[in-house]
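Enquirer: A predicted structure for the sequence below; I have some questions about it.
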Amino acid sequence: MRFYVPEWDDAVDADYDFELDERSDPHRQKRELNYIWDIFDKDSTPIDGVLISREQIESTAKKADRITEHGVYADPILSIPDWLPTISDCGAWGYKSLPFPPYGNQDMLDFYETLDVSVGVTIDHLVLGSGKEKGRLYLDERALGEEIEKSDIPSKLTDAVDLMIDEWPDEWPQYVEEHEPSILAQKEPQQFTAADFEGSVDSVLNRLETDKRAVYRQDDKQFRYDLTLENAAEMWNLYQAGDYPFRLMVAIQGWSIESYADAADEVLNIGYDYLGIGGVAGSPIHEVRKIVKSVGKTVKDYERTHQTRIDSHVFGFAKSDAFDTIGRSGMSSFDSASMLRSAWTGGKNYRVDSDERYDAIRVQYPKHGSEISDAIETALRGRETLIALRAFAEGRSIAKALREWKAEASKTLTATITYVRNHRHDEQFDHSTLRDVDSALRNDFEYASHLKAYFSDELRSQLIKLLRSDDKESSKPFAEYIELLATAHTQLDRFPRMVEILEREESKPDGMDRFQRLWFVIQDYAIWIGDKDLLEAYQKILSNRPWEDCECPICANHGIEVCIFRGNDRNRRRGFHNTASFYEEFSEALPKTLVLTKGSASLSNYETTEDYLASETPQFWSEVHDLPVAEIGTFDASGVHEWWAKTPEAVSFAPTRMAQSLQKHLNRYDELYLFNPEEQFEDLVGDSIENVGCDVHGFDDPHELREILLNNLGRNYAIGSDFAPHKPVLDGDEELDILIIDQCSGSKYVPEGERVFEMSEIDRSSRQDLLKRNDTIGIKAGELYTGRQQEAISNAVRQLRADGHRVQRYIISAGFGLVEESERLPPYEVTFSGMNVSEIRERSDKLGIQDDLYKVLDQSNYDIVFFTLGSDYYSSIDIDQTVQRIRPDRIGVVFNRDILNEQYENIVSVSARTEDAKRHETIVIGLKGVYLENFARNIRNVAELDPDSISILCRYLEDDSTQAAIEKF
């Protein structure tokens, strides 16, 4: 499986001066720019490819001209290495407000060929939903002007329709003529007037329906969906008629799991073997799971029916919690810039993993346009903070570092006065642009960067303006320079502001430690810039020093600078670090896996590698063609040939070349599964392959290869040949292992006169210490709780055990954590009721509830797990995460959690609401217990159990016939 990163000009200055916050050159085109693939070496680059959208390439004419001239691999700025595959698409999010995509099918094919990308994507149109009651209305922004603006459009119209206003292209693609011939070409549309929007909503829409400046659709959702499929069919025919060097991926859109599945089925029958799921970027994780699972099932059915393989891509996916879903659903690749963007688009912007993130410390630049004195003060305060942070990270005295900085800053001002007096009339400052004068000053004056770093860009800019306008013939009064620098002198006199206190604390035997001295500076600065609410987060990152534990080249080379929120060259580098952390997590969850067999002399006789494998190694192909996560192909001395690729014109098996070729390829893989029935792997490639960091497994039995690969991927894959998500079925006649996770109740059995503990007392002592007290009684958890639900569950447990089933019951206690029903507890009065979600989770963490529950779930393969919990208790275990611990071939039962029922085939959500309680003649608080009693009583009559039948058994009433119950539930 491959991870692609979108190309959005995410480059940094290779020679950026972190010490003085100075770029290597004022002119961007003169800087050496580093992308993520330039900073990491080939083997550790945390991406597997680059996604390049046309909409992004054409963001500027200069960029578009450059890349279309050179192609993405030869472009002098991008310079993508040839071993990184590239995908190019239209960029549907960029034109979502237009009535049609602005590109034509033949145009896009030519564009992809010009760019020299590995994969081109069909033209899709983002499905945005149905719009408001009357549908969606598109207006050409060019036709709005002085007479009527967007805000002037009557609210009765905007309330009725979903209004989309954007600048239309001068000319639409040819296929638009079929749908809206009136708008096909229109360079300068006539301006709208107020009269165009007068009258009833229906009359306005009728009038605009044939207007060249408007497109109206009642069901825009269906239109976009259909248009995406029409483009897929047309582009396929054009692609087949041509001889294009890139692979073609089809993009599908939808608005439901059914619409996505139908679209997938349609494009597969057209002939596509690479399918991209669009429209899920930014969607909640449960929506992504549902859609990916649905498309994955459709693809797997097609693969197995036709004995072929289909690659699938998820556009805009960055959900580490859904790795298992995209893996088991057979996705081949995905892309996202989320980890990169997260470095500067919000809090928690330094990533360790999905659970551990930190807030980078914000050190501000002066605001553009600030008064010179304000800009200088902001620069000095920021510099003081940066000096302290660096000294802390390097283990140096903060006070000494600040003293040294003050001396350097004073020296800078003195040197500036001397330099200006001697050079202000030099010819090198006779430039038309300030940028060129800036460059001249930096090249000639050794303190030019210090001037900006210590006293602000605003001060240096004003100095540059004086230099540019100053010459011998019209000499500026030197007093103007003195006055400008005097402002800096005045501000500098106040700095460093806290050094005496820091020196005093350093000299005390019992004074502040090094962290406390740093915190003295950080706290002062954060409060001054208004970031007091971030102090707790800053304390965490500075205490844990995560940059020291990271082995990526970003953290290794720049240390604490990566954890400072300040400007592109720090923030984007932190984004590269975040991407590397995400990629490591991705690789652990879905190891990069390669399945190969050695080619034969007949390889070049076939058009594609798939043709060769299906014909020459049918058993191997039958076992591997539908495998998840893995990349599949064959190899010879010329390299690895993926299953979909054209075969080489000539075939060679020279051992040395073959070993070198494989070694080069395998450095980016974790696992190699080699099918080679005739020779040992060592005989093929020799000892040189041992240096790669890839585990090699050799097989002469393809079925064994399949089983071991799935087993190595994890228990969720090794549940049978059909590893894709499906509803598990259990044998109802067998003894079942059942786990019940119950909750404590407010009603408890406490003998009269016995002591009852409050939270404050419980938290001061362990349960064992409390039970040792002479004044404390211990009661079994299964007997302590006497609520309706708990008593009914006790009845159900007795019945199930009497029928031979093995049942374990645990109870989540807000006082003592997760306890087994036979464990003794002292009487207590603690509840999650009244706590908010964050308070519940904080207490749960303190009690170790989730960790203890995970151990219980992992220690045995329970057939059925019931979570008979209310919403507060679901929060205490993060139920959305917890259900993922249940094996896909086992069943989890939750209540009133429909969102889980939709995401996982093996999880069923049983409705337990007021109307259900009335039907069962009980109250909601006891309904889950009644359901378990029903299950225990009715399971005897069922030969097979699946998630749906468990729901029926729980809700079944004696006065319903079995058939009626099935039909009803």
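Expert: Okay, I see it. Residues are numbered from 1 along each chain as shown.
Enquirer: run the chain-centre distance for the top helix by length along the chain.
Expert: Ordering each helix of the chain by length in residues (DSSP state H) puts helix 398-423 first. Using Cα atoms, centre = their mean, to the nearest Å, the mean C-alpha position of helix 398-423 is found 46 Å from that of the whole chain.
Enquirer: quick one, phi/psi of residue 214?
Expert: phi -140, psi 150 (degrees, to the nearest 10).
Enquirer: for it, what are its contacts?
Expert: Contact partners of residue 214, counting by Cβ atoms under 8 Å, 6 or more residues apart in numbering, are 137-140, 208. Where you see a C-beta, it was placed from the backbone N, CA and C, and this is true even at glycine.
Enquirer: from residue 102, how far off is it?
Expert: According to Cβ to Cβ, to the nearest Å, residue 214 and residue 102 sit 17 Å apart.
Enquirer: what residues sit buried inside the longest helix of the chain?
Expert: For helix 398-423, the neighbour count (16 or more other Cβ atoms under 10 Å) marks 398-399, 401-403, 405-406, 409, 412-413, 415-416, 419-420 as buried.
Enquirer: what of stretch 935-953?
Expert: For stretch 935-953, the neighbour count (16+ other Cβ under 10 Å) marks 935-939, 942, 945-947, 949-953 as buried.
Enquirer: picking that back up, out of the contacts of residue 214, name the ones that lie in helices.
Expert: Per DSSP H, those map to helices at residue 208.
Enquirer: residue 861: which of the contacts of residue 214 is nearest?
Expert: Closest approach between the contacts of residue 214 and residue 861, by Cβ to Cβ: residue 138, at 55.4 Å.
Enquirer: which residues pair with the closest one across the strands?
Expert: Bridge pairing for residue 138 (DSSP bridges) gives the partners residue 164, residue 215.
Enquirer: restricted to buried residues, select the contacts of residue 214 in PyMOL.
Expert: Buried members of the contacts of residue 214, defined by 16+ other Cβ under 10 Å, are picked up in PyMOL with:
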select buried, resi 137+138+139+140+208
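Enquirer: tell me the one of the contacts of residue 214 nearest residue 775?
Expert: Of all the contacts of residue 214, residue 137 has the smallest distance to residue 775: 75.9 Å, by Cβ to Cβ.
Enquirer: report the separation between that closest one and residue 179.
Expert: Here the distance between residue 137 and residue 179 works out to 15 Å (Cβ to Cβ).
Enquirer: go on, residue 199?
Expert: 26 Å.
Enquirer: repeat for residue 49
Expert: 34 Å.
Enquirer: so for these two, which residue has more residues nearby?
Expert: Each of residue 49 and residue 179 has its neighbours counted (other Cβ atoms under 10 Å); residue 49 has more, 20 against 16.
Enquirer: now do the same contact list for residue 452.
Expert: Residue 452 makes contact with 20-22, 459-460, according to Cβ under 8 Å, 6+ apart.
Enquirer: likewise residue 726?
Expert: Shown in contact with residue 726 (Cβ under 8 Å, 6+ apart): 888, 905.
Enquirer: how many neighbours does residue 915 have?
Expert: 8.
Enquirer: can you list the buried residues in the helix or strand hosting it?
Expert: Taking DSSP states H and E as the definition, residue 915 sits inside helix 914-919. By 16+ other Cβ under 10 Å, the buried positions in helix 914-919 come out as 916-917.
Enquirer: what residue is smack in the middle of the chain?
Expert: residue 318 (2.4 Å; Cα atoms, centre = their mean).
Enquirer: touching, that one and residue 579? I think so.
Expert: No. The pair residue 318 and residue 579 does not pass the contact test of Cβ atoms under 8 Å, sitting 9.9 Å apart.
Enquirer: in this structure, where is pLDDT below threshold?
Expert: Counting by pLDDT under 70, the ranges of the chain that qualify are 130, 678-691, 718-722, 724-725, 958-969.
Enquirer: show me where the stretch 751-900 of the chain has its strands.
Expert: Using DSSP state E, counting those that start in this stretch, the strands of the stretch 751-900 of the chain run over 779-780, 806-813, 817-820, 824-825, 864-867, 891-895.
Enquirer: swap that for the stretch 301-450 of the chain, please
Expert: 311-314, 333-335, 350-351, 357-358, 361-362.
Enquirer: in the stretch 401-550 of the chain, which spans are helices?
Expert: Per DSSP state H, counting those that start in this stretch, the stretch 401-550 of the chain carries helices over the ranges 434-444, 448-455, 457-469, 478-492, 499-507, 514-529, 535-544.
Enquirer: what's the answer for the stretch 151-300 of the chain, then?
Expert: For the stretch 151-300 of the chain, the helices defined by DSSP H, counting those that start in this stretch occupy 155-160, 176-179, 201-208, 220-241, 257-270, 285-306.
Enquirer: now those helices in CSV, with distance to residue 836?
Expert: Formatted as CSV, the helices of the stretch 151-300 of the chain follow (distance: least, Cβ to Cβ, whole Å):
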stretch, distance to residue 836
helix 155-160, 36
helix 176-179, 51
helix 201-208, 44
helix 220-241, 37
helix 257-270, 33
helix 285-306, 22
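Enquirer: now do the same contact list for residue 232.
Expert: 122, 250-252, 266-267, 270, 272 are the contacts of residue 232 under Cβ under 8 Å, 6+ apart.
Enquirer: and the buried ones among those residues, selectable in ChimeraX?
Expert: Here is the ChimeraX selection string for the buried members of those, based on 16+ other Cβ under 10 Å:
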select :122,250,251,252,266,267,272
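Enquirer: which single one of the contacts of residue 232 is nearest to residue 560?
Expert: The nearest one, if we look at these relative to residue 560 and count by Cβ to Cβ, is residue 251, at 42.5 Å.
Enquirer: who are the contact partners of the closest one?
Expert: By Cβ under 8 Å, 6+ apart, the residues touching residue 251 are 89, 92, 121-124, 228, 232, 276, 278, 315.
Enquirer: now with 6 Å, please.
Expert: Residues in contact with residue 251, defined by Cβ atoms under 6 Å, 6 or more residues apart in numbering, are 121-122, 124, 276, 278.
Enquirer: quickly list what it is bridged to.
Expert: Assessed by DSSP bridges, residue 251 has beta-bridge partners residue 276.
Enquirer: now it: how far from residue 263?
Expert: 10 Å.
Enquirer: do the same with residue 315
Expert: Counting by Cβ to Cβ, the gap from residue 315 to residue 263 is 14 Å.
Enquirer: just to revisit the earlier point, among the strands of the stretch 301-450 of the chain, which is nearest residue 738?
Expert: Here strand 311-314 is closest among these (Cβ to Cβ), at 36.0 Å.
Enquirer: tell me the strands beside that closest one, with direction?
Expert: By DSSP bridges, strand 311-314 pairs with strand 274-277 (parallel), strand 333-335 (parallel).
Enquirer: any chance of those in CSV, with distance to residue 645 and mean neighbour count too?
Expert: CSV is the format used below for the strands paired with strand 311-314 (distance: least, Cβ to Cβ, whole Å; neighbours: other Cβ atoms under 10 Å):
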stretch, distance to residue 645, mean neighbour count
strand 274-277, 12, 24
strand 333-335, 15, 26
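Enquirer: ok, back up a step: closest one to residue 115 among the strands of the stretch 301-450 of the chain?
Expert: The nearest among those, by Cβ to Cβ, is strand 333-335 at 16.5 Å.
Enquirer: contact partners of that closest one?
Expert: For strand 333-335, contacts defined as Cβ under 6 Å, 6+ apart pick out 2, 4, 6, 51, 313-314, 317.
Enquirer: got those as TSV, with neighbour count columns?
Expert: Putting the contacts of strand 333-335 into TSV (neighbours: other Cβ atoms under 10 Å) gives the following:
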residue	neighbour count
2	19
4	23
6	21
51	27
313	25
314	27
317	24
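Enquirer: nearest to residue 744 among those residues?
Expert: Nearest to residue 744 among the contacts of strand 333-335: residue 317, at 39.3 Å, using Cβ to Cβ.
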